[in-house]
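*Asks:* fold the following and give me the result.
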Amino acid sequence: MDTLQNMRVFVRVVEAGSFTAAAQSLNSTTGAMSRAVSELEAHLRTRLLNRSTRRLALTTAGERYLKRSQQILADVDTAEEEASCAHERPSGALRMHSFASIGQHYVLPAISRYRALYPEVTVELTLSQRMPDLFEGSADVAVIGASTLPNSDLVSLPLGTTFSILCASPAYVRTHGAPQQPSDLSHHECLILHTPAFPPHEWVLDGPNGSEMMEVNGPVHVNIAESLIVAIREGMGIGMVPLYAAIAGLRDGTLVRVLSEYTLQKMNVYALYPSRKFIDAKTRTWVEFLRTHLPKVIARDEALLAEVGQMYAADGVAPVGEPSIGDGDAAAH
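*Replies:* All right, here's what the predicted structure looks like:
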């Protein structure tokens, strides 16, 4: 028995005043209306209507049930309308998950611009270094970085490709010199960044001679790029920093790039969500916004990296991260 449908029939019969009028308004038959009310009464074990050939009258139980039914049906209609609108107008809470550094440098600025377009959407952003289980319902969308994705039932949308670079502090370079080739890293303090995407002790440098893999270790291990940058600025050693996290330090001079012909950890940025079917408006518009916005931001970062290199060259300084002439004696040590 469809209790909700029979409840609708009961309310319509009372409002219309007869089974025949209710049947006409619902494009059904008088017999179907009568059976629906009888089924409802049998289910409730209570008579709701006193029937006669001329009129219908509510019983005391029927009066109480009518009021409850009208409220329940109104709530159901409201819920259906809200759910339907969720597929048309972006509103409500959008729950996001992101790897910490990507979230700080890419996702949070994007949220600001997205909400300027869709102010009825509120955002709950969780930053961590683990992959969420989106099928558990903990988040609507995840933004992650990875070289590749494992097979899964998640929908994945590529948003662009970025990479990491090697950085040190100016003080470290003055004291220890800068590596001139990847093998020189074995004579330097290497700071280790643990991420879900790559083995922490394997630095694969892509450069003029193709890919060169270096086994590295060091005195400081961290799991967040921003913490690594603090360690680098303190002169603790050389670290592999995602481009998006390194740009600010390169521009203000607190970081210098070493082995500037090399990049590391080429990484794809993805938006992940559980299903394309019945995707609501806030999720759909957020994913579409990321698809147009994030590639521009990644391209901007690469342009800024080139700009920093040109700035050093224009100032008559050695390539970014390489010791200048005045640092020759320090570099020799």
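*Asks:* how many residues are close by residue 166?
*Replies:* 27 (other CB atoms under 10 Å). Glycine gets a C-beta too; all of them are placed from N, C-alpha and C.
*Asks:* let me see the mean pLDDT of the strand or helix carrying it.
*Replies:* Applying DSSP states H and E as the criterion places residue 166 in strand 155-168. Mean per-residue pLDDT for strand 155-168: 93.
*Asks:* may I have it exported as PDB, CA atoms only?
*Replies:* What follows is strand 155-168 as a C-alpha-only set of coordinates in PDB (Å, rounded to 0.1, in the frame of the first residue of the first chain):
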ATOM      1  CA  VAL A 155      33.900  11.400 -11.400                       C
ATOM      2  CA  SER A 156      37.300  13.100 -11.900                       C
ATOM      3  CA  LEU A 157      37.700  16.400 -13.700                       C
ATOM      4  CA  PRO A 158      41.300  17.400 -14.600                       C
ATOM      5  CA  LEU A 159      41.900  21.100 -13.700                       C
ATOM      6  CA  GLY A 160      45.500  21.600 -14.800                       C
ATOM      7  CA  THR A 161      49.000  20.500 -14.200                       C
ATOM      8  CA  THR A 162      51.600  22.000 -11.900                       C
ATOM      9  CA  PHE A 163      55.100  21.000 -10.500                       C
ATOM     10  CA  SER A 164      57.500  21.600  -7.700                       C
ATOM     11  CA  ILE A 165      60.900  23.400  -7.600                       C
ATOM     12  CA  LEU A 166      63.900  23.300  -5.300                       C
ATOM     13  CA  CYS A 167      64.300  26.300  -3.000                       C
ATOM     14  CA  ALA A 168      66.700  27.500  -0.300                       C
END
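*Asks:* next SSE after it?
*Replies:* Taking DSSP H and E, what comes next after strand 155-168 is helix 170-176.
*Asks:* now stretch 92-100: buried residues?
*Replies:* For stretch 92-100, burial by neighbour count (16 or more other CB atoms under 10 Å) applies to 94-100.
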